[in-house]
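Colleague: Quick one, structure for this:
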Amino acid sequence: MRRYADRVHTAFGPYLREALDKAGMSQRAFARAVGYKQANIQQVVAGRRKPPLRHARRWAKALGTAVTLDDFEERVHLAHISEVVLRLINRLRAAANEDTHPGDRLR
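Modeller: Reported below is the predicted structural model:
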């Protein structure tokens, strides 16, 4: 079963692919516009790599009217935040599993 964070950041790939189509840009042209290697853009589109959080605004501007800045940034942040939240949930579950008898802590 795929983790929630994996599903979220792989969902960004089709979003970026659609935005590139709307903008009429190839991955190569987009990579040049944002200063990235085409291979890195290809990995994001394929869902094997998260979009760069600190460059979300630059990426959105390069796509022009194909995306709204707010929507694009929200999707980039979601791809990153979901992973952080998942790690926190896993830590909480691990801590809960260690406490087999919750009342023991109160004694």
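Colleague: show me what contacts L16?
Modeller: Contacts for L16 were tallied using C-beta atoms under 8 Å, 6 or more residues apart in numbering; they are V44, V45, P51. (C-beta placed from N, C-alpha, C; glycine too.)
Colleague: What distance do you get for the residue sitting nearest the centre point of the chain to R28?
Modeller: Per C-alpha atoms, centre = their mean, the C-alpha nearest to the average position across the chain is that of A79, at 2.3 Å. Using C-beta to C-beta, to the nearest Å, we find A79 at a distance of 23 Å from R28.
Colleague: go on, T68?
Modeller: Applying C-beta to C-beta to T68 and R28 gives a distance of 24 Å.
Colleague: same thing with K50?
Modeller: K50 is 21 Å from R28, by C-beta to C-beta.
Colleague: Then A96?
Modeller: The spacing between A96 and R28, counted by C-beta to C-beta, is 48 Å.
Colleague: do W59 as well
Modeller: In terms of C-beta to C-beta, W59 sits 15 Å off from R28.
Colleague: returning to what we had before: so how far is the helix or strand encompassing the residue nearest to the centre of the chain from its chain's centroid?
Modeller: Taking DSSP states H and E as the criterion, A79 maps to helix 69-98. Centroid separation for helix 69-98 versus its chain: 10 Å, with C-alpha atoms, centre = their mean, to the nearest Å.
Colleague: cool, and stretch 11-31?
Modeller: 15 Å.
Colleague: returning to that earlier point: flag whichever of the contacts of L16 scores worst on pLDDT.
Modeller: Ranked by pLDDT, the contacts of L16 bottom out at P51 (83).
Colleague: Next, the contact list for that one, please.
Modeller: H9, F12, L16, V44, W59, R75, V76, A79.
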